[in-house]
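> Build me a structure from this.
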Amino acid sequence: MRKIILGLAVTLDGYIEGPNGEFDWCFTDHDYGLNEFFTRIDTIFIGRKSYEMAQQYAGSNNGVLVPGMPVMTEYVFSNTLTSVKKDAILISGDSIAEVRKIKEQPGKDIWLYGGASLTDALMKEGLVDELWMSVHPILLGSGKPLFRTNDSRTKLTLLESKTYETGLVSLRYGIGEGFGKG
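Modelled structure (predicted):
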């Protein structure tokens, strides 16, 4: 079965965006493991707000969302959008059932790119298999937190860590079945 990997940049104090939606604090001066990550995935999951932000960003960067990102199947999760770009697939309605079906399909792993609501829903359903966090050495003080309040604990197993000269720390954790969820 394919894995869903939540892969995000996060500040040391746990934010994925600044208070005004900014991500100008993200390091872009090195690869930071992205090219290796891209060999593992062929699909991307993205929520509506993140999709709209990504389209705006790519539009002002010659259509490039992430440098070096290969072509992949893109699923946009939204109950309000009625259409998405030509080569993306819109998922509305029972997104959890759709995610389960997609995970069962043959292919490489899946990148959960973003969307706090989508991430929260998939985490609560136990559908996220790995967390890959690029922890940036900055304290924003406020903004959009990576995780919402949850009523349960999720144990993680460290799979890999790497520290870069810039102070960025890449952490990869396993969660769920076989990784001690509970």
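> So the spatially most central residue of the chain versus residue 134, what's the distance?
Central residue of the chain (C-alpha atoms, centre = their mean): residue 113, 2.8 Å from the mean position. According to C-beta to C-beta, to the nearest Å, residue 113 and residue 134 sit 13 Å apart. (Each C-beta comes from the backbone N, C-alpha and C, glycine too.)
> who touches both of the two?
Both residue 113 and residue 134 are in contact with 7, 8, where contact means C-beta atoms under 8 Å, 6 or more residues apart in numbering.
> Quick one: distance of the lowest-mean-pLDDT helix or strand in the chain to the chain centre.
Every helix and strand in the chain was compared by mean pLDDT, DSSP states H and E; the lowest is helix 48-59, with a mean of 77. Taking C-alpha atoms, centre = their mean, to the nearest Å, the mean C-alpha location of helix 48-59 is offset from the chain mean by 14 Å.
> other SSEs contacting it?
strand 73-77, strand 109-114, helix 116-124 (3 or more C-beta pairs under 8 Å, 6 or more residues apart in numbering; DSSP states H and E).
> List the buried residues in that helix.
Neighbour counts over helix 48-59 (16 or more other C-beta atoms under 10 Å) mark 48, 49, 50, 51, 53, 54, 55 as buried.
> Can you tell me the closest non-neighbouring residue to residue 85?
Closest residue to residue 85 apart from its sequence neighbours, by C-beta to C-beta, 6 or more residues apart in numbering: residue 55 at 7.0 Å.
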